[in-house]
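Colleague: build me a model from this:
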Amino acid sequence: MNSSGKIKQFILNNISFHQKDIIYTAINQFGISRQAVLKHMNALIDDNKVMAYGKTRDRRYKLIPQVNYNKTILINSEFILQDVVQENFLLHLESLPKNIFQICEYSIEALVNNILEHSHASNLYVKLFLTYSDLNIIISDNGSGLLENIRSKLNLEIVELAALELAKGQITTDLLQNSGEALNTIFHLFDKVKVDSSGYGIVYVSNREQWDIKYSTQKQGTRVHLQINPNSNRTCDKIFQKLFNKKERRIRIPISLLKEPNKNSLISKQQARNIFWNIDSITAIQFDFHNIDLIGPAFADELVRQSRSVNRDVIIEWVNHNNTIDLLMKRALERIF
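Modeller: Numbering: from 1, shown residues only. Predicted structure coming up:
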């Protein structure tokens, strides 16, 4: 790519974060004059990739959407999965690179199929918003709610445990086997995924491998927001190889999904036991303490004890921890054999 192409690509990749100061940001990045940057910016405006608005001294820039589509679809006897996916999703995303289109095709069909089979919804809402550097897909329904549905089918005590089961990717109950596995896979296919359901919002950011849970205003139905850079080199093949082609049975547990959204501590043995529902035949387990400030000694002991009960020789690891959590986990390993 020549220097002109690099400057234009930099502008397109960074304009969403620097709408007001993108010109100066590009000047600092490339060490060129303001006039030179404006020349490239005007070329992008002429190509209908960027829009300028505001007066000269307060000029701002933003990406022009290539796709901006939304529709509410009635779910009835005339609803045909393949037709709905093709006409309301894929037809509008044909300009995407092949790898991103394939990710969207797989994920959209899996999500809409899950709504049809499990949600008892009467309406499906679609929102597509595509710019040069960002693709957003929102799929929502007015059904029973994904998390509540999982909680009920798996007979879990609280909804938060349904979020943890999704993150573990270990759902094997016949009623949820295919959809549970597909949903977990979708979290890893996109840059960021947020699921709002049953009063909770689950967020997964792929490049940091971080999960979080918050309260949500979405009480009825489910809202899934998928986000990815359309220029990403991510592929279904790479993600499937990472998730399914494993010589060892390793599982990563996002401890943060156990906590209440406004708390950052976990103390009791029971909280630790909740992790191990539906876990078996693992050779390694990794506990992710992102967003956890404090655990109790009993909680740490139970993590190790339950891990050993699944496999006496299991490899136990922990990441994103503070010094106190590290101390308690090491203490638990020394105490429990």
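Colleague: every contact and neighbour count from this point should use C-alpha atoms.
Modeller: Will do.
Colleague: do you have the strands of the stretch 151-300 of the chain handy? List them.
Modeller: 192-197, 200-205, 210-215, 222-228, 250-254, 265-266, 284-288, 294-295 (DSSP state E, counting those that start in this stretch).
Colleague: what's the mean pLDDT across the longest one?
Modeller: This means strand 222-228. Strand 222-228 shows a mean pLDDT of 97.
Colleague: can you name every helix or strand that that strand contacts?
Modeller: strand 135-141, strand 192-197 (3 or more Cα pairs under 8 Å, 6 or more residues apart in numbering; DSSP states H and E).
Colleague: most packed of the ones you listed?
Modeller: Comparing the helices and strands packed on strand 222-228 by mean neighbour count (mean count of other Cα atoms under 10 Å), strand 192-197 comes out on top with a mean of 24.
Colleague: so how many other residues sit close to the residue nearest to E105 when sequence neighbours are not counted?
Modeller: Using Cα to Cα, 6 or more residues apart in numbering and skipping residues adjacent in sequence, the residue nearest E105 is L90, 6.8 Å away. Residues lying near L90 (other Cα atoms under 10 Å) number 19.
Colleague: and the end-to-end length of stretch 60-72?
Modeller: 33 Å (Cα to Cα, to the nearest Å).
Colleague: quick one, what contacts V159?
Modeller: 147-148, 151, 198 (Cα atoms under 8 Å, 6 or more residues apart in numbering).
Colleague: show me where pLDDT drops low in the protein?
Modeller: Along the chain, the parts satisfying pLDDT under 70 run over 1-2, 170-180, 245-248.
Colleague: where do the strands of the stretch 1-150 of the chain begin and end?
Modeller: Using DSSP E, counting those that start in this stretch, strands in the stretch 1-150 of the chain cover 50-53, 60-63, 67-74, 123-130, 135-141.
Colleague: make a markdown table from these and add distance to F337 to it.
Modeller: Formatted as a markdown table, these follow (distance: least, Cα to Cα, whole Å):
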| stretch | distance to F337 |
| --- | --- |
| strand 50-53 | 61 |
| strand 60-63 | 57 |
| strand 67-74 | 56 |
| strand 123-130 | 51 |
| strand 135-141 | 47 |
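Colleague: and of those, who's closest to K263?
Modeller: Smallest distance to K263 across those (Cα to Cα): 28.0 Å, for strand 135-141.
Colleague: neighbouring strands for that closest one, and are they parallel or not?
Modeller: strand 123-130 (antiparallel), strand 222-228 (antiparallel) (DSSP bridges).
Colleague: just name the most buried of these.
Modeller: strand 222-228 (a mean of 21).
Colleague: also compute the angle for that one relative to strand 200-205, please.
Modeller: 10 degrees (axes from the mean of the first three to the mean of the last three Cα atoms, to 10 degrees).
Colleague: now the strands of the stretch 151-300 of the chain in a markdown table, with distance to D47?
Modeller: Shown next, in a markdown table, are the strands of the stretch 151-300 of the chain (distance: least, Cα to Cα, whole Å):
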| stretch | distance to D47 |
| --- | --- |
| strand 192-197 | 29 |
| strand 200-205 | 32 |
| strand 210-215 | 37 |
| strand 222-228 | 23 |
| strand 250-254 | 44 |
| strand 265-266 | 52 |
| strand 284-288 | 45 |
| strand 294-295 | 53 |
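Colleague: which of those strands sits closest to L333?
Modeller: That would be strand 284-288 among the strands of the stretch 151-300 of the chain, by Cα to Cα, at 13.3 Å.
Colleague: show me what that closest one is packed up against.
Modeller: Using 3+ Cα pairs under 8 Å, 6+ apart, strand 284-288 sits against strand 250-254, strand 315-319.
Colleague: list the buried residues of the last one.
Modeller: Right, strand 315-319. 316, 318 (16 or more other Cα atoms under 10 Å).
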